[in-house]
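A.B. asks: Fold the following for me, if possible:
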Amino acid sequence: MEAKSSQDEYNQVKKDLQQLREDLATLTKAVSDGQKSNISSLRDEIRRESQEAFDQVRQKGNDAFNRARDAGDKAVHDVEHKIEERPFLSIVLMFLAGVLVGKLLDR
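C.D. replies: Alright, predicted model coming up:
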């Protein structure tokens, strides 16, 4: 009778160990899946934030380019207006500037 009781206990321990292995495998799979989900959501968040930062930088670059282009257009318009106001003085100044640059380049 004692041998049968020991055999029953051995079989019960064997079943418990098998159940423990299965539970451990299930737990490991659940943790792994959870980590994969966390990594995936973190990757998506990083991708979204980097896209937002890129869009902001691009918008600031476009704004700076537009301001520079507008300032250049205004400067050209102002010069054209000054030349139209005083054409003879503009020709004389350009001639003197050319002579000055020529003298500087001769040296």
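A.B. asks: ok, now which ones touch residue 58?
C.D. replies: For residue 58, no contacting residues are found, by Cβ atoms under 8 Å, 6 or more residues apart in numbering. Just so you know, the C-beta spots here come from the backbone N, C-alpha and C atoms, and that holds for glycine as well.
A.B. asks: any idea how far the residue nearest the centre of the chain is from residue 41?
C.D. replies: Centroid-nearest residue in the chain, with Cα atoms, centre = their mean: residue 50, separated by 3.1 Å. Going from residue 50 to residue 41 by Cβ to Cβ, to the nearest Å gives 15 Å.
A.B. asks: Which strand or helix spans residue 67?
C.D. replies: helix 2-85 (DSSP states H and E).
A.B. asks: Can you name the next helix or strand after that helix?
C.D. replies: According to DSSP H and E, the helix or strand after helix 2-85 is helix 87-106.
A.B. asks: Let's see that following helix as PDB, backbone CA atoms only.
C.D. replies: The C-alpha trace of helix 87-106 is given here as PDB (Å, rounded to 0.1, in the frame of the first residue of the first chain):
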ATOM      1  CA  PRO A  87      19.400 107.400 -64.300                       C
ATOM      2  CA  PHE A  88      22.400 109.700 -65.000                       C
ATOM      3  CA  LEU A  89      23.600 109.500 -61.400                       C
ATOM      4  CA  SER A  90      23.200 105.700 -61.400                       C
ATOM      5  CA  ILE A  91      25.400 105.500 -64.600                       C
ATOM      6  CA  VAL A  92      28.100 107.700 -63.100                       C
ATOM      7  CA  LEU A  93      28.100 105.700 -59.900                       C
ATOM      8  CA  MET A  94      28.400 102.400 -61.800                       C
ATOM      9  CA  PHE A  95      31.200 103.800 -63.900                       C
ATOM     10  CA  LEU A  96      33.100 104.900 -60.700                       C
ATOM     11  CA  ALA A  97      32.500 101.500 -59.100                       C
ATOM     12  CA  GLY A  98      33.900  99.800 -62.200                       C
ATOM     13  CA  VAL A  99      37.000 102.000 -62.200                       C
ATOM     14  CA  LEU A 100      37.500 101.300 -58.500                       C
ATOM     15  CA  VAL A 101      37.200  97.600 -58.900                       C
ATOM     16  CA  GLY A 102      39.500  97.700 -61.900                       C
ATOM     17  CA  LYS A 103      42.200  99.600 -59.900                       C
ATOM     18  CA  LEU A 104      41.800  97.100 -57.000                       C
ATOM     19  CA  LEU A 105      42.200  94.100 -59.400                       C
ATOM     20  CA  ASP A 106      45.300  95.700 -61.100                       C
END
